[in-house]
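**Student:** Next input, structure requested:
(one chain, ligands or ions: 2)
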Amino acid sequence: VTDAATTGSGYGVLDDYKTLNTYSSNGTYYLYDVTKPMNGVIETFTAQNGSSLPGYYSVDSNNSWTAYSQAADVDAHAYAGKVYDYYKNTHNRNSFDNNGATIRSTVHYGSNYNNAFWNGSQMVYGDGDGSTFTSLSGALDVVAHELTHAVTERTAGLQYQYQSGALNESFSDVFGYFLDPGDYLMGEDVYTPGISGDALRSLSNPSKYGQPEHMNNYVNTSSDNGGVHTNSGIPNKAAYNTISSIGKAKAEKIYYRALTVYLTPTSNFSYARAALLQSAADLYGSGSSTYNSVKAAWDAVGVY
Ligand SMILES: CCCCC[C@H](S)C(=O)N[C@@H](Cc1ccccc1)C(=O)N[C@@H](C)C(=O)O
Ligand SMILES: [Zn+2]
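**Tutor:** Residues are numbered from 1 along each chain as shown. Ligands and ions are numbered 1, 2, ... in the order given. This is a model prediction of the structure:
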């Protein structure tokens, strides 16, 4: 029996229809995408609500991925492909290692697991408990957040603690916005399925969801690796200030350059300001309005 790349279809977490890059072998279909250039494979697994990784290939008998239990698999696979395409088409980066590394996701991790993460090798998504979250792969900004951790790990290597950790989190949120620019909200598509209009975080209004948005309100804590999900509100607000003044197209070039050229494992907020200013100068000139907008964005959050 011949093995072949195939096109399947199915429904995502929000019951949205989509086509899928799949693979058929011996009469079974796999969420295994071989369509990317330079052999960058994208593959999706299920942990079947266990906690061992990667678990089992997500499979289907007829390439029609329509079961409710397959929705998280469908979105993890489709959205990983979208994030791959973004980094390739916008930044000419071939996967998170810029060398065609296989992008692996596992869904249905754990039981009622209200989170998603990059474990150093792959992306992992819980199904949520149905109240705080629904399946987290159902949001493109979540998938972009997690895959950006992989890019960060292979470039700046920002240590996941205190200010460098808050920057690590912020860059994941900011690229989550670049993938899902309809609003400045984070996770809104999968957060509190019973409540509309809310989100886990907001780039434009961090304080609405309990985050500081000025250095004067930096939270000194040892919990959550030094408050990485709290203090990310400060660089997130600076990013909102930047994007709203210079636009997405320029902002994403500046953010990608800072992440891949200037930031280091121990960079703090002040260094991130300098890295973004240098990137703006490199790309648009040191006296440019773009440069001045980045400067104003960080002045406004009290980081110099
Ligand atoms: C397992 C240990 C914790 C890992 C934290 C991962 S990287 C993370 O930051 N996950 C995101 C998921 C996300 C992303 C965008 C939008 C919504 C939700 C996150 O923010 N997790 C929150 C719930 C947290 O860990 O506090
Ligand atoms: Zn994260």
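**Student:** got any ranges where this protein has weak pLDDT?
**Tutor:** The model of the chain has pLDDT under 70 over residues 1.
**Student:** all helices for it, in order.
**Tutor:** Listed in chain order, the helices found in the chain under DSSP state H are 71-91, 140-154, 162-179, 223-231, 233-246, 248-257, 269-284, 289-299.
**Student:** could I get those helices as a markdown table with mean neighbour count?
**Tutor:** The C-beta positions use only the backbone N, C-alpha and C, and glycine is treated the same way. Converted to a markdown table, those look like this (neighbours: other CB atoms under 10 Å):
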| stretch | mean neighbour count |
| --- | --- |
| helix 71-91 | 23 |
| helix 140-154 | 24 |
| helix 162-179 | 26 |
| helix 223-231 | 19 |
| helix 233-246 | 25 |
| helix 248-257 | 20 |
| helix 269-284 | 20 |
| helix 289-299 | 19 |
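**Student:** mind checking the backbone torsions on the closest residue to ligand 1 within the stretch 101-250 of the chain?
**Tutor:** Each residue of the stretch 101-250 of the chain has a distance to ligand 1, by CB to the nearest ligand atom, and the smallest belongs to Gly187, at 2.7 Å. Backbone dihedrals for Gly187, given as degrees, to the nearest 10, come out at phi 80, psi 10.
**Student:** residue contacts, the residue nearest to it when sequence neighbours are not counted?
**Tutor:** Spatial nearest neighbour of Gly187, excluding adjacent residues (CB to CB, 6 or more residues apart in numbering): Leu200 at 3.9 Å. Taking CB atoms under 8 Å, 6 or more residues apart in numbering as the definition of contact, the neighbours of Leu200 are Met186, Gly187, Glu188, Tyr191, Tyr209.
**Student:** Can you lay out the helices of the chain as CSV showing distance to Glu43?
**Tutor:** Formatted as CSV, those follow (distance: least, CB to CB, whole Å):
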stretch, distance to Glu43
helix 71-91, 8
helix 140-154, 14
helix 162-179, 20
helix 223-231, 29
helix 233-246, 31
helix 248-257, 25
helix 269-284, 33
helix 289-299, 38
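**Student:** how about those, which one is nearest Asn98?
**Tutor:** Each of these was scored for nearness to Asn98 using CB to CB, and the closest is helix 140-154 (7.4 Å).
**Student:** No further queries at this time; thank you.
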